[in-house]
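**Q** this one's sequence-less:
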Ligand code: NCD
């Protein structure tokens, strides 16, 4: 198979395992390209991509932009803070205006769950979801599982615990889907107040004790506490959260085996992990960032073949 089964990347939920294999094989190729002295290929020349960010982002936006430049695409950038959205324009109007400029692909981050899916039904362009509220963040889960495959050879059979703010995290949901699709065992760990009510329906193990979770896993993916999504207090204080769910060097040394630490960024150093842990040999956080560019190149390259001429 050399084609994705989907026309858009809206969520991992809509992908097949064969899609993930194809994205990973394509990313292997692009990873070699971005490590060459000449890092640019002409694959997306004449393709115009709009990056629409209705919510703040640093690394995801930079990563997409770099991936687009490496593929020689033409790129336009839009952030809602500096736009007419604050003047009351609707999402469809904003995007239609941009599309009348003949854009072929849209990368969108939006605070509302389902925004990317909504757009794909109203607009004639390939859509990539770069995060829709607390719903999905598919390229993050692809780069996370790609980084696990790179370190261990395969994702199948690995035990992965996702730690922290599961309730507000699109990274958690997309990772659960991607890990399960590839045959990993998944556990979520965090305070009860930060667990979604129906978490059991997702087929994951649930643990509230961090040490038990870490002793079980091969890999721990440490989520950031999403303070900006919390309208009420979900735990007594940051200090208390860190005492119970923060990973320190001492915690890692107390475990029976050496586990791998992942983090999607941005890190709250000293909250979910200490600097010592983030910068240690057990962390693959910077590999995740590097792989993010290769994965996003692969996704855009594969979706470009779906553009209607
Ligand atoms: C994540 C996000 O925005 O969902 N970060 C990212 O994409 N690099 C996670 C987070 O903000 O904590």
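**A** Structure received. The model shown is predicted, which means the values in this text are computed figures rather than measured ones. Numbering: from 1, shown residues only.
**Q** sec struct for residue 50, please.
**A** Secondary structure state of residue 50, per DSSP: H, G, I helix; E, B strand; the rest coil, is strand.
**Q** pLDDT wise, what is it at?
**A** pLDDT for residue 50: 95.
**Q** any idea of the pLDDT on the residue lying closest to it once chain neighbours are set aside?
**A** Nearest non-adjacent residue to residue 50, counting by Cβ to Cβ, 6 or more residues apart in numbering: residue 103, 4.5 Å away. (C-beta placed from N, C-alpha, C; glycine too.) Among the per-residue scores, residue 103 shows a pLDDT of 92.
**Q** quickly note the distance from residue 103 to the ligand.
**A** Separation of residue 103 from the ligand (Cβ to the nearest ligand atom, to the nearest Å) stands at 23 Å.
**Q** what's around that residue, how many residues?
**A** 21 (other Cβ atoms under 10 Å).
**Q** before we move on, what about residue 235?
**A** 19.
**Q** once you drop chain neighbours, what's closest to it?
**A** Leaving out its chain neighbours, the residue that sits closest to residue 235 by Cβ to Cβ, 6+ apart is residue 241, at 4.9 Å.
**Q** mind checking what helix or strand follows the helix or strand encompassing the one you found in sequence?
**A** In the assignment (DSSP states H and E), residue 241 maps to helix 238-245. Moving toward the C-terminus from helix 238-245, the next helix or strand (DSSP H and E) is helix 249-253.
**Q** can you list the residues of the chain near the ligand?
**A** 59-60, 131, 137, 140, 170-171, 224, 226, 264-265 (Cβ under 6 Å from any ligand atom).
**Q** show me which of those residues is closest to the ligand.
**A** Proximity of the residues of the chain next to the ligand to the ligand was ranked by Cβ to the nearest ligand atom; the top entry is residue 224 with 3.4 Å.
**Q** is that closest one in a helix, a strand, or coil?
**A** Under three-state DSSP, the three-state class of residue 224 is coil.
**Q** may I have the phi/psi pair for it?
**A** For residue 224, the backbone dihedrals are phi -80, psi 140 (criterion: degrees, to the nearest 10).
**Q** with residue 185 instead?
**A** Dihedral angles (degrees, to the nearest 10) for residue 185: phi -100, psi 130.
**Q** what's across from it in the sheet?
**A** In this entry, residue 185 is beta-bridged to residue 159, by DSSP bridges.
**Q** and it, how far from residue 200?
**A** Here residue 185 is placed at a distance of 15 Å from residue 200 (Cβ to Cβ, to the nearest Å).
**Q** looking at the two, which one has more neighbours?
**A** Ranked by neighbour count (other Cβ under 10 Å), residue 185 and residue 200 place residue 185 first, with 18 against 11.
**Q** which residues are in contact with that one?
**A** Counting by Cβ atoms under 8 Å, 6 or more residues apart in numbering, residue 185 touches 157-160, 205.
**Q** how much space is there between it and residue 26?
**A** 27 Å.
**Q** what residue ranges in this structure score low on pLDDT?
**A** Scanning the chain for pLDDT under 70 picks out 1, 81-89, 231-232, 309.
**Q** outside of the helix holding residue 241, which residues touch it?
**A** The contact list for helix 238-245 (Cβ under 8 Å, 6+ apart) reads 163-164, 189-191, 210, 225, 235, 270-272.
**Q** what comes up buried for it?
**A** 241-242, 245 (16 or more other Cβ atoms under 10 Å).
**Q** mind listing the strands for the stretch 1-150 of the chain?
**A** Along the stretch 1-150 of the chain, counting by DSSP state E, counting those that start in this stretch, strands occupy 48-53, 74-79, 105-110, 126-132.
**Q** might you report the residue contacts of the residue nearest to residue 50?
**A** Taking Cβ under 8 Å, 6+ apart, one finds 48-50, 76, 125 in contact with residue 103.
**Q** mind putting the residues you listed into TSV with neighbour count?
**A** Shown next, in TSV, are those (neighbours: other Cβ atoms under 10 Å):
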residue	neighbour count
48	18
49	26
50	20
76	12
125	21
